[in-house]
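1. after the sequence you'll find the predicted model.
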2 protein chains.
Amino acid sequence: MNAPFPTGVEDDSVDLGALTGSVGFMLRMAQVAVYDQFFREFANTDVRPGEFSVLWVIAMNPDLRQGTLARTLNIKPAHMTKLVQRLVREGLVKRIVPPEDRRSVRLALTDKGRIHLNRHRSTFLHVHDAERIGLTDAETTQLLGLLQKLAFKDTSSCR
Amino acid sequence: MNAPFPTGVEDDSVDLGALTGSVGFMLRMAQVAVYDQFFREFANTDVRPGEFSVLWVIAMNPDLRQGTLARTLNIKPAHMTKLVQRLVREGLVKRIVPPEDRRSVRLALTDKGRIHLNRHRSTFLHVHDAERIGLTDAETTQLLGLLQKLAFKDTSSCR
DNA sequence: TCCGAATAGTATCCTTGTAAACAATTATTC
DNA sequence: GAATAATTGTTTACAAGGATACTATTCGGA
């Protein structure tokens, strides 16, 4: 079927114009693609990217304060509260209220949490390996360097 | 004040371990940083990144089908419906139901939509200019190339 | 032609994440 | 040393986005 004049533009020929030159837009597009891979890999598990990175950081920094964790991962305190509540409910994390400051909360993994982390550690580290996402090793290294520069730039001094 | 033993790790010294080598994690961290800049720039307006990119693509591709738009921008149809409803309510976009297929919807900017786009075009294009995000021009070019490779890779053939 | 299958978009419900007001505790100031 | 301010985390109300089921229309085959 060949319409006399295709009244509109179809999928392939959509023109994004200067959008492909917008760092913000392209970051989002790339993230969607990469997260897609993540969810495909962890399809039949209950592992989610945010949750897992929280477990990871707690494992690397035992007795970390909840607020510090939130700031480090750029997760808002209100959301961190919910994340931690779920992890505690699942028995992966324990909360410790230190006597020297009873407002604060320190977090640590339970044995179950450590086991969970170890079970999925290797999969997590290799989900985004170069060949999986269609880049060369060199490109991946380059990309990570640039992303780190973006992410860890002092945010307070931006005008 | 020097505690005898700092019971926990504090902000700066939090160790992320291999997380900084995870493409997915770093994409998210970078995106948060970059979006932060976006919202700072458009603080007193009602411009949002998703909405604006939708307007942009409609402007470049008049009479684009709503579904095609959704697929192009990796926005789910259900969500696109809501986005379009709001844009129509704001008078920026008009919906056209073509007689040759009355299931579908084609989208175009209204005059008001075009004005809106023009008013913010320049700001939008330069929010993420190199120096603003702390990269050199060359690095930005490199980054955009890598992100495009990630984003526009054929997603169907991934195992 | 008529009935089942495919397609486009929408309504409903649910998850994820945020903002703003709040309670509890600790630090400061007079 | 009490009153005030600042800090920490939580609660509540809401916005963004997705999954699923549904409606309307078009396509395709008997």
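-> Yes, it's here.
2. residue ranges of the strands in chain A, please?
-> A:64-65, A:93-96, A:106-109 (DSSP state E).
3. just the buried positions in the lowest-mean-pLDDT helix or strand in chain A, please.
-> For chain A, counting by mean pLDDT, DSSP states H and E, helix A:130-133 ranks last in confidence among helices and strands (a mean of 75). Buried residues in helix A:130-133, counted by 16 or more other Cβ atoms under 10 Å in any protein chain shown: A:Arg132, A:Ile133. Every residue, glycine included, has its C-beta placed from N, CA and C.
4. any stretches of chain A with poor pLDDT?
-> Low-confidence segments of chain A (pLDDT under 70): A:1-12, A:131, A:154-159.
5. please name the nearest non-neighbouring residue to A:Leu16.
-> In this structure, A:Leu16 finds its nearest non-sequential neighbour in B:Val57, 6.3 Å apart by Cβ to Cβ, 6 or more residues apart in numbering or on different chains.
6. please apply the same query to A:His120.
-> Nearest residue to A:His120 in three dimensions, chain neighbours excluded: A:Val47, at 5.6 Å (Cβ to Cβ, 6+ apart).
7. so what's the residue count around the one you found?
-> Neighbour count of A:Val47, defined by other Cβ atoms under 10 Å in any protein chain shown: 18.
8. so the least confident helix or strand of chain A, near chain B or not?
-> Yes: using Cβ under 8 Å from any Cβ of the partner chain, we find that helix A:130-133 touches chain B at A:Arg132, A:Ile133.
9. got a list of contacts for that helix?
-> A:Ala33, A:Val34, A:Gln37, A:His126, A:Thr136, A:Asp137, A:Glu139, A:Thr140, B:Val23, B:Leu150, B:Lys153, B:Cys158 (Cβ atoms under 8 Å, 6 or more residues apart in numbering or on different chains).
10. output those in CSV; the columns should cover distance to B:Gly67 and neighbour count.
-> As requested, those are exported to CSV (distance: Cβ to Cβ, whole Å; neighbours: other Cβ atoms under 10 Å in any protein chain shown):
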residue, distance to B:Gly67, neighbour count
A:Ala33, 19, 21
A:Val34, 24, 23
A:Gln37, 24, 19
A:His126, 35, 11
A:Thr136, 35, 11
A:Asp137, 38, 10
A:Glu139, 33, 17
A:Thr140, 33, 21
B:Val23, 30, 25
B:Leu150, 24, 26
B:Lys153, 22, 14
B:Cys158, 22, 13
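11. among these, which ones lie close to DNA strand C?
-> Residues of the contacts of helix A:130-133 in contact with DNA strand C (Cβ under 7 Å from any atom of the strand): none.
12. ok, these vs B:Pro98, which is closest?
-> The closest of the contacts of helix A:130-133 to B:Pro98 turns out to be A:Ala33 (Cβ to Cβ; 31.4 Å).
13. A:Arg106 and A:Gly67 touch, don't they?
-> No: in this structure, A:Arg106 is not within contact of A:Gly67 by Cβ atoms under 8 Å, at 10.3 Å.
14. tell me the contacts of A:Lys149?
-> B:Gly134, B:Leu135, B:Glu139.
15. repeat that for 10 Å
-> B:Ala30, B:Ala33, B:Ile133, B:Gly134, B:Leu135, B:Thr136, B:Glu139, B:Leu143 (Cβ atoms under 10 Å, 6 or more residues apart in numbering or on different chains).
16. what does stretch A:83-95 contact?
-> With Cβ under 10 Å, 6+ apart as the criterion, stretch A:83-95 contacts A:46, A:48, A:50-51, A:54-55, A:58-59, A:66, A:69-70, A:73, A:75, A:105-117.
17. are any of the residues you listed buried, and which?
-> Burial by neighbour count, judged by 16+ other Cβ under 10 Å, picks out A:51, A:54-55, A:58-59, A:66, A:69-70, A:73, A:75, A:105-109, A:113, A:116-117 from the contacts of stretch A:83-95.
18. find the closest residue to DNA strand D in chain A.
-> Closest to DNA strand D within chain A is A:Gly67: 2.3 Å, counting by Cβ to the nearest atom of the strand.
19. that residue touches A:Leu73, doesn't it?
-> No: with contacts counted by Cβ atoms under 10 Å, A:Gly67 stays clear of A:Leu73, the gap being 11.2 Å.
20. any common contacting residues for these two?
-> A:Met80.
21. up against DNA strand C, what does chain A have?
-> A:48, A:50, A:74-79, A:82-83, A:100-103.
22. looking at the residues you listed, state which has the most neighbours.
-> A:Leu83 (20 neighbours).
23. can I get the longest helix belonging to chain A in PDB? Just the C-alpha atoms.
-> The residue-count maximum for a helix in chain A (DSSP state H) belongs to helix A:23-41. C-alpha atoms of helix A:23-41 as PDB (Å, rounded to 0.1, in the frame of the first residue of the first chain):
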ATOM      1  CA  VAL A  23      24.000  16.900  26.700                       C
ATOM      2  CA  GLY A  24      20.900  16.700  29.000                       C
ATOM      3  CA  PHE A  25      18.700  15.100  26.300                       C
ATOM      4  CA  MET A  26      21.400  12.600  25.200                       C
ATOM      5  CA  LEU A  27      22.100  11.600  28.800                       C
ATOM      6  CA  ARG A  28      18.500  10.800  29.200                       C
ATOM      7  CA  MET A  29      18.300   8.800  26.000                       C
ATOM      8  CA  ALA A  30      21.500   6.900  26.800                       C
ATOM      9  CA  GLN A  31      20.300   6.200  30.300                       C
ATOM     10  CA  VAL A  32      17.000   4.700  29.100                       C
ATOM     11  CA  ALA A  33      18.900   2.400  26.700                       C
ATOM     12  CA  VAL A  34      21.400   1.300  29.400                       C
ATOM     13  CA  TYR A  35      18.700   0.800  32.100                       C
ATOM     14  CA  ASP A  36      16.800  -1.300  29.700                       C
ATOM     15  CA  GLN A  37      19.700  -3.700  29.600                       C
ATOM     16  CA  PHE A  38      19.800  -3.700  33.400                       C
ATOM     17  CA  PHE A  39      16.200  -4.700  33.800                       C
ATOM     18  CA  ARG A  40      16.500  -7.300  31.100                       C
ATOM     19  CA  GLU A  41      19.500  -8.800  33.000                       C
END
